[in-house]
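Undergrad: Structure for this input, please:
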Amino acid sequence: MKTVFHNIQRPKISTIFTSHETSKGKASYSKTKMSNPATMNELRLTRNTFTDINVTIEPPKQQTELYNNVTNVNDIKLAIKNYYQIPTPPPSRFFPPIEEPDVQMNTDQREREISIAETTASVPSVQKITNEKEDIPVKSILVPSSETVIIPNFHETNNEKKGLQVKGILIPNSKMKVQTESTASSVHKQTMHSVIDIDPDNERADFFIEGLPMDSTMFTYNLTSDPYTCSVLKITNTDIDAQEKFSQLNIEPFWMGRKHFWNHIFDSRYESLMRNPKWPPLQVILVPRTHIDTIWRRTFAQYHKDSVSKILSNIVKKLQFYNTLTFTWNEVSHLSYWWKTTTYRNRAAFRKLLRSGRLEITTGGWVEPDESTSHLFGLVHQLTEGHQWLKQNLNYTPKVAWLTNSVTHSPTMTYLLAASNIYELVITNVHYAWEQFLAEFQYSDFIWIQSWDGDKSYPSYLNDVLNRMGNDRYPKHAVLTHYLQFNSAGFRACGPNGALCASEYNFATNHKNLDVGAYNVKEKAELLLEQYSKSGTISPHNTIIAPLGGPLHYEMQSEFDFQFNNYKKIADFVAANKEIYKASIEFGTTKDYFDSLKRKHKGFPTIKGDFLNFADISSGSPAYWTGFYTSRPFTKILLRRLQSTLRTTEILFSFALNLHVFRRSNISQVYELLIKARETVARLMDRNVVSGTMSANTLKHVHNQMLTTARDCWHIQEISASFLSMKPEKHEPYLQKYVYRDGEFMSALRTVSPGDQVYIFNSLSHDRTEIVELTTRYPNIRIVDHNKKDVTVQINPVWTFTTENLIKLSKMFYKIIFAIMVPPLTLELFQIKETYDASQNAATIFCLSCHVDEVINNGTLYPFTIQPIQSGDIQLESYKHRLVFDEYTGFLKTVLEKETNVEKNILIDYGAFRDSGFNSGMFLFNTNVTKPLQDILSEYRLGIKNKLTLIISGLVTTEITSVYGRLLQHTTRIFNLLRSPLSSAIYMESKVDYEISPKYRELELFLLVQTDINNGNPPEIFTDNNGFQYTARILNISRRVESNMYPITSMAFIQDKNTRLTFITDHAQGVTALQEGQMLFMLDRRVLYNDGRGTPEGLADSTATCHRNFLLLENLVGAPTSFMRQSFKNELKLPSLSALYLANALDNLLDIFLIEKNHTKLCYYAFLPLVKTSFPCDVYLVNFRAVLHRSKIRHDTPDTALMTLHRQSFSCQVDNSAVLHCSGDSNIVLKKILRNTMKIHQMNLPGTDRGVPVLVLTHTNFPPMELTTLSIQF
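TA: A predicted model of the protein is given here:
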């Protein structure tokens, strides 16, 4: 069954009076206890405010007893069946029909079950337009006859007050008559010509606009009907569960005032081990390094010109001069920029140093990203970009990762490293409680394991080098991780007295430090050895890394001389007295450390989970770095949109290469644009950009780069889509990218008009049903799909909030809203045509403070009627839900799920945390202890100010918007669809505008979702890690709220044994909870203080931001026995398939290309699938990027692309009613999906190894939860 409009029931609006409460708007819930849902059978008096759009709801399943006034239940079932019967579409070359049982009835039987009722003047006309693509349920095909209302032959009984109801579809045409389907099926074409006005030029109802000779088999698309299944994944057992352990750690220890955990107990252990003859000798590996920023307080170009280019040149020169000196470099962005301008001699020397092993490049990412607020695409893209550059230019593959810049550490990054053949990692910056714990138990090195990775049979690097066998083997994505002691990656990492090393042993920056000589070498060596030895005691093997460097070190050549010569003197002195000191000090790399470690030590503890909640104690009190999860949400949203834009660009360009549409064109400039866009997007993955913590001046530069790169990507998309869809002999792009979304990127202001056409591209790997919005100056619009069938259209007003506290409705612009289903990776054409009566598709507006703009329009009649909103709670209905909104706030209050007839309390509200002014800023989050919360809407609740309410109800969507001045606009929308994830979802939009500083200073705004879900006390909340995996977090609400704040980038959900509520977002933000059944999401922050963590300014440049979210309420399949409940407890908690669908759709919008009417003749295909069929339901296309060599693009056309896929596992516990059009086969036969493939190899994640040939992906070579990269040669 396909996703369809529920055209029998238009979303219903009413106001509600409860017979038990005299105050009409009083909430029927408690904010502190919501476990007692209201009974659905209580007496309720309902006044139908909008009688003209009140419609019959779909009868709930197994509820035939409601029709107690009808004697024959079978007649009821038969009538309902016919009423919702789906017609069989005409045969199509691209959509072969799915075999279904014949459910048609003969004419006489149908006529006996249809009654024709008289039309009443008060009922507005509602146009009935069939759409076989959407498979809209119709029970008859309409041809010219008198005006009629079709009413099904059953009655509705409920507790609501009866009003005039439209129970069918009114066709306002005096020439329409009713013809049964059985008759119409034989004369399909003639009937459809009667229903839909066909253009007089007799356009072909075909997939080609023009009937030119083509190989039609090349562009066929097959629907799949295999049922999809889910895989139950068990949680991996490890020695330490990071989330469980952190909840047990003492986060306010007695030593906080001393700012360091080291005390006499650690000194006693140190002294004891020094006297122990079995304690191994101390080995110190000196690792010269520098930390460079890509974008932070300066732009990339400024950093490179002023510092980084000098550092790289100095590295090459000094490593050639000192033949025992080593160096570790940790990014590719600056390296690639330096490579373009440096001399051939420097390039040759750099390659030679890499081959010798004295110069090491760690991680291989384009930049050092933040691991908490970055989404999967960005992490994969910057890692692939860096590794590809290293392979192409240096023939180098990193073997070790160094992630010390980020203050958060996610298991997603660990997985990506393992998938890139990197199995050794160095981290630092963990919560001070973790710092003490790891030091106390000597867990300086551990095996980091994915919580879902239990496969120990796969050959892995670590098992081979550590001689692990049998059940002692580590899973294949395990990574050996070293925690760099004392939360430092510089001189302070030498020992517990880090200040001593930073001041006395940084020989280049402190003029007080004298050179080491014969007169002071013993004193210097012993003082330093004491710190090194103490560091050695926090590990079981007494081997440590001692970093020599810091931010922008080695900018001067003299620094190499000072550091190398003085440390070499100390190392030589210790070596000469080895029997006395039992120690060795030598220059080396990170790889040298791990090689030594693996020789000495074979057994390591295993850890799963993440280290996302970071806090330092440098001021003597906890300072939580959880504020940047939410800082500058506007920048976070734009970055995600830019990443999505680049993804679509890559996919369209790669398919254009795959189908050889560029073979007669020189597109070398397009290659250059694409390479530049890739590098820019990868560069913007820098930690300070993703987290929104760059300086205000740099922020302007970042936004300009985002916009420039987006325009370049749109240009490449226009060229690629044009060449794919145009006539073969044409070579000029004719498509224009259409982008308009409030608060995000905008292309040049474009409106559609009759005669225009639009291509809509679905970049996802499965079918999707979506709502499309276009802007027009003409409300008399209808939309025709590629089958020449009209699509159900809704015309909405364009409105703005004025300073006079009014809502102004535009007479110049209108929104066209329609729902479509687009197959995966398909370009589908829609034509925009003129109709004569816009009022039939116009939404109904309900508002008390609206006025229409007085601007003279283009002469068309204003299609909307504005009706008043009567008092009482507001009720919206779709076929799936009945939503009740509080009269005074306009926020959601309860949700009734009609299928189960169960009402759930879901309270939406807004509030703010007051800032403390201390340990709070761009990075840090710290609430005011005395008055932590503020009601930002108190003036509206008390009646001092008036909120505005606008309700827009139409055929496709119904929404309610509450306007609280400029600060907040809250919209809730439901969709009039059947059997689609959208039909079960509740869309919410929060537009926040802090206005100009200092208004709303020291306020951190949040959205509160309070439910009656019993998710435990303390509450348990599930959050995503980078949109890749999901972590359960038990919040200790006795602790300060800052310690319970966690980042999400895609979704969070809570559940009990019966119900789950999922909150889906399109950008990173913080989430926490203050009590059971609650989720609290941070929206925006205005903090005017400098928190002293690097960016010397506050956060006062907030801009108006639209936060777009989905709420998804789902039922869980219960566990009937205690044994099964225990089994469920050990299962990995995953989102539902619908939640994944909505998250993917929210993150990757439909791409729209406008074809102006004077260019429509250039369009060749009306329907262009780029794949033969869909991917399996759980497979998501992360990226499909062509392999481009900058040195070859002028001579050779690329013939290879890397396709990265993610097998997104989903929950087996969720009762999913949505029907998704995708394959359920777990085996992916690649040549049945992809076109024009010569060779396919399965590679490592960045696509830099040789790979193995592959034809079919199975659960063996592509298991659940994992990523895989395919090299596809065309």
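
Undergrad: what's the closest non-adjacent residue to residue 866?
TA: Among residues not flanking residue 866 along the chain, residue 845 sits closest, at 4.8 Å (Cβ to Cβ, 6 or more residues apart in numbering). C-beta coordinates here come from the backbone N, C-alpha and C atoms, glycine included.

Undergrad: Is there a neighbour count for residue 442? I'd like the number.
TA: 14 (other Cβ atoms under 10 Å).

Undergrad: and it, that's in a strand?
TA: No: under the criterion used here (DSSP: H, G, I helix; E, B strand; the rest coil), residue 442 is coil, not part of a strand.

Undergrad: Please list all residues in contact with the closest residue to it other than its chain neighbours.
TA: Counting by Cβ to Cβ, 6+ apart, residue 540 is the residue found nearest to residue 442 once chain neighbours are left out, at 4.8 Å. Residue 540 is in contact with 442, 444, 601, counting by Cβ atoms under 8 Å, 6 or more residues apart in numbering.

Undergrad: Could you check how far residue 540 is from residue 285?
TA: 17 Å (Cβ to Cβ, to the nearest Å).

Undergrad: Which pLDDT does the model give the residue nearest to residue 442?
TA: On the pLDDT scale, residue 540 is placed at 96.

Undergrad: How much space separates it from residue 446?
TA: Distance of residue 540 to residue 446, computed by Cβ to Cβ: 11 Å.

Undergrad: Which phi and psi values does residue 298 adopt?
TA: Dihedral pair for residue 298: phi -130, psi 170, per degrees, to the nearest 10.

Undergrad: Pull the contacting residues for it.
TA: By Cβ under 8 Å, 6+ apart, the residues touching residue 298 are 306, 698.

Undergrad: by contact count, what packs against the helix or strand encompassing residue 535?
TA: If you go by DSSP states H and E, residue 535 is part of helix 521-536. Judged by 3 or more Cβ pairs under 8 Å, 6 or more residues apart in numbering; DSSP states H and E, helix 521-536 is in contact with helix 264-275, strand 282-288, helix 498-504, strand 543-548, helix 557-576, helix 578-581, strand 583-587.

Undergrad: Pull out the buried residues from the fifth one.
TA: If you call a residue buried by 16 or more other Cβ atoms under 10 Å, then helix 557-576 has these buried ones: 559-560, 562-564, 566-571, 573-574.

Undergrad: quick one: the strands in the stretch 401-550 of the chain?
TA: For the stretch 401-550 of the chain, the strands defined by DSSP state E, counting those that start in this stretch cover 401-403, 424-427, 445-449, 479-483, 543-548.

Undergrad: let me fix that: the stretch 1051-1200 of the chain
TA: So, for the stretch 1051-1200 of the chain - with DSSP E, counting those that start in this stretch - the strands run 1051-1055, 1059-1065, 1069-1072, 1078-1086, 1105-1115, 1151-1155, 1167-1169, 1179-1186, 1200-1207.

Undergrad: which residues sit against the first one?
TA: So the one you mean is strand 1051-1055. Counting by Cβ under 8 Å, 6+ apart, 1011, 1013, 1015, 1019-1024, 1060-1065, 1071, 1073, 1077, 1079, 1081, 1116, 1133, 1135, 1139, 1143 sit against strand 1051-1055.

Undergrad: Would you mind listing where this protein has pLDDT under the threshold?
TA: Within the chain, the segments meeting pLDDT under 70 span 1-228, 510-513, 743, 746-748, 857-858, 1118-1127, 1193-1194, 1217-1219.

Undergrad: quick one: furthest residue from the center of it?
TA: residue 519 (61.2 Å; Cα atoms, centre = their mean).

Undergrad: ok, that one - contacts?
TA: Counting by Cβ under 8 Å, 6+ apart, residue 519 has no contacts.

Undergrad: from here on, count from 233
TA: Fine by me, first position is 233 from now on; the one you just mentioned is residue 751.

Undergrad: Do me a favour and get the backbone dihedrals for it.
TA: Dihedral angles (degrees, to the nearest 10) for residue 751: phi -80, psi -20.

Undergrad: Contacts made by stretch 1085-1093 with the rest, please.
TA: Applying Cβ under 8 Å, 6+ apart, the contact partners of stretch 1085-1093 are 1009, 1010, 1011, 1012, 1040, 1041, 1042, 1043, 1044, 1070, 1071.

Undergrad: quick one: the helices in the stretch 1183-1332 of the chain?
TA: With DSSP state H, counting those that start in this stretch, the ranges of helices along the stretch 1183-1332 of the chain come out as 1213-1216.

Undergrad: Show me which helix runs longest in the protein.
TA: Taking DSSP state H as the criterion, the chain has its longest helix at helix 928-957.

Undergrad: That one packs against which elements?
TA: helix 865-890, helix 900-915, strand 968-970, strand 989-994, strand 1058-1066, strand 1383-1387.

Undergrad: Partner strands of the shortest one and their direction?
TA: Strands that pair with strand 968-970, judged by DSSP bridges, come out as strand 1383-1387 (antiparallel).

Undergrad: Can you pull out the residues in contact with the partner strand?
TA: Here strand 1383-1387 makes contact (Cβ under 8 Å, 6+ apart) with 880, 949-950, 953, 966-971, 982, 984, 988-993, 995, 1004, 1006, 1394-1395.

Undergrad: burial of the closest residue to residue 1458 other than its chain neighbours, as a residue count?
TA: The shortest distance from residue 1458 to any non-neighbouring residue, by Cβ to Cβ, 6+ apart, is to residue 1491 (5.5 Å). Neighbour count for residue 1491, taken as other Cβ under 10 Å: 12.

Undergrad: tell me, what residue is most central in this protein?
TA: For the chain, the residue sitting closest to the mean C-alpha position, by Cα atoms, centre = their mean, is residue 1282 at 4.0 Å.

Undergrad: Next, the contact list for it, please.
TA: 607, 1256, 1258, 1259, 1296, 1297, 1375, 1379.

Undergrad: returning to what we had before: and the residue nearest to residue 1458, how far is that from residue 1162?
TA: Applying Cβ to Cβ, the value for residue 1491 to residue 1162 is 56 Å.

Undergrad: Kindly report the same for residue 1255.
TA: Taking Cβ to Cβ, one finds residue 1255 at 30 Å from residue 1162.

Undergrad: Can you report how many residues lie near residue 1082?
TA: Using other Cβ under 10 Å, residue 1082 has 18 neighbouring residues.

Undergrad: Quick check, residue 721 in contact with residue 636.
TA: Yes: between residue 721 and residue 636 there is a contact under Cβ atoms under 8 Å: 3.7 Å.

Undergrad: quick revisit: of all the helices and strands packed on helix 928-957, which lies closest to residue 613?
TA: Smallest distance to residue 613 across the helices and strands packed on helix 928-957 (Cβ to Cβ): 5.9 Å, for helix 900-915.

Undergrad: Quick check: what element follows the closest one along the chain?
TA: Toward the C-terminus, helix 900-915 is succeeded by helix 919-922 as the next helix or strand (DSSP H and E).

Undergrad: Check which helices and strands that following helix is in contact with.
TA: helix 865-890.

Undergrad: which residues does the closest residue to residue 814 other than its chain neighbours contact?
TA: Among residues not flanking residue 814 along the chain, residue 513 sits closest, at 4.5 Å (Cβ to Cβ, 6+ apart). Applying Cβ under 8 Å, 6+ apart to residue 513 gives the contacts 774, 814, 815, 816.

Undergrad: Out of the buried residues of helix 789-808, which comes closest to residue 1191?
TA: residue 791 (61.5 Å).

Undergrad: The closest one against residue 782, yeah?
TA: No: with contacts counted by Cβ under 8 Å, residue 791 stays clear of residue 782, the gap being 10.7 Å.

Undergrad: how much does the longest strand anywhere in the chain deviate in direction from strand 1058-1066?
TA: The longest strand of the chain (DSSP state E) is strand 1039-1054. Computed by axes from the mean of the first three to the mean of the last three Cα atoms, to 10 degrees, the angle separating strand 1039-1054 from strand 1058-1066 equals 130 degrees.

Undergrad: by contact count, what packs against strand 1039-1054?
TA: strand 989-994, strand 1000-1008, strand 1013-1016, strand 1022-1023, strand 1025-1033, strand 1058-1066, strand 1082-1084.
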